[in-house]
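>>> Would you be able to build a 3D model of this:
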Amino acid sequence: MAKGKDVRITVILECTACVQNGVNVNVNKASTGISRYITQKNRHNTPNRLELLKFCPYCYKHTIHREIKK
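Numbers count the residues shown, from 1 in each chain. Model prediction:
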């Protein structure tokens, strides 16, 4: 089977709250960074971008994590 035809693909989920607040801009803050998770999705069942509620260690709460491009 060709590599480009796989049904399950690896995706990266990124915290939307960290991106909107611009966490990396403020250097003086103790917790700087953007929360990212790596997971898999079925390309045929979920053709749209994946959104999951995950815990962000930088925001200290559960936030929406959206799929980003690699």
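>>> which residues of the chain score low on pLDDT?
In the predicted model of the chain, residues 1-4, 23-32 satisfy pLDDT under 70.
>>> in the sheet, who's paired with the residue nearest to the spatial centre of it?
By C-alpha atoms, centre = their mean, the chain has its centre lying nearest to residue 13, at 1.5 Å. Beta-bridge partners of residue 13, counted by DSSP bridges, are residue 37, residue 67.
>>> pretty sure it is touching residue 50, no?
Yes. The pair residue 13 / residue 50 is scored as a contact, 6.8 Å apart, by C-beta atoms under 8 Å. Where you see a C-beta, it was placed from the backbone N, CA and C, and this is true even at glycine.
>>> any shared contact partners between these two?
Listed as contacting both residue 13 and residue 50 by C-beta atoms under 8 Å, 6 or more residues apart in numbering are 39, 66-67.
>>> Of the residues you listed, which is the most crowded?
The residue in the shared contacts of residue 13 and residue 50 with the most neighbours, by other C-beta atoms under 10 Å, is residue 67 (17 neighbours).
>>> Quick check: that residue vs residue 5, distance?
According to C-beta to C-beta, to the nearest Å, residue 67 stands 20 Å off from residue 5.
>>> swap in residue 62?
Taking C-beta to C-beta, one finds residue 62 at 35 Å from residue 5.
>>> Then residue 18?
Taking C-beta to C-beta, one finds residue 18 at 34 Å from residue 5.
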